[in-house]
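>>> here are the coordinates; sequence isn't available:
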């Protein structure tokens, strides 16, 4: 159970403490050495064939759910190509770009939820964070990957304490939040359950409920955007993202200005009162000029 308001308070405090830097983020250890996970999993399962004491229960979890871990590793590889990773906003540590901000948020979310994820817990935490500091669309899309990485890190750390003879696949990250105060076997169980939950969440729905750009575009005066299919909406969002990158304006501000142009045109009616006219049609040039696009 999460105390009402404690999730939100934690998210507000985290957002207030975060300072972002520019440039590509530092590569996280677990992501850099993800290729070591399959061999480590084989070694860990072999070491756990006849465990005793507290390790026995953890071994059972690992032996029964190795496929959950393997699937998570595959998914991380698929969803986090180098070009996408480079676009994530890094935290500023000692004035230098560090790990991605969304990685820190994923760890904090797991800690606040005591490694018990659910869709409403994710949306509550992300929305509370954004009351203080808005997230980019790329960061929201990267959240499931970062949650998977954070769960793998908790799993590896707990198993390393339970079976010190098995060398971990990666060193702990220099700036990871400390794991929750859970007993190691329970930490293994919850990390594996967490990976299964992440695989079951509809991340498109989660994006819809947390993206500030999505909320702005929903205000399209013609009310067309909200009825469009996902791929068409995505085309509009990619234009917002590109314009924001090239004008150095926040994405939400670009979306707001596009909607404002559509609203101004709404008095005359016609297609100019649809936000799409300003993002992918005849109004694009005027919107770019208004944004100071070079």
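All right, it came through fine. These numbers come from a predicted model, not from an experiment.
>>> per-residue pLDDT, residue 179?
Per-residue confidence for residue 179 comes out at a pLDDT of 66.
>>> and if you look at residue 170?
Here, the pLDDT recorded for residue 170 equals 93.
>>> And the helices in the stretch 101-250 of the chain?
In the stretch 101-250 of the chain, helices defined by DSSP state H, counting those that start in this stretch lie at 101-112, 119-130, 137-162, 184-200, 203-210, 212-217, 230-247, listed in chain order.
>>> Distance-wise, check residue 205 relative to residue 227.
Separation of residue 205 from residue 227 (C-beta to C-beta, to the nearest Å): 16 Å. To be clear about C-beta, it is placed using only N, CA and C from the backbone, and glycine gets the same treatment.
>>> mind giving me a markdown table with the helices of the stretch 101-250 of the chain and columns for mean neighbour count, mean pLDDT and distance to residue 36?
Below are these laid out as a markdown table (neighbours: other C-beta atoms under 10 Å; pLDDT from 0 to 100; distance: least, C-beta to C-beta, whole Å):
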| stretch | mean neighbour count | mean pLDDT | distance to residue 36 |
| --- | --- | --- | --- |
| helix 101-112 | 24 | 95 | 19 |
| helix 119-130 | 19 | 97 | 28 |
| helix 137-162 | 23 | 95 | 10 |
| helix 184-200 | 20 | 95 | 17 |
| helix 203-210 | 17 | 96 | 26 |
| helix 212-217 | 21 | 96 | 37 |
| helix 230-247 | 16 | 95 | 33 |
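>>> Now distance to residue 257 too, for these, in a markdown table please.
As requested, the helices of the stretch 101-250 of the chain are exported to a markdown table (distance: least, C-beta to C-beta, whole Å):
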| stretch | distance to residue 257 |
| --- | --- |
| helix 101-112 | 24 |
| helix 119-130 | 19 |
| helix 137-162 | 16 |
| helix 184-200 | 35 |
| helix 203-210 | 21 |
| helix 212-217 | 9 |
| helix 230-247 | 9 |
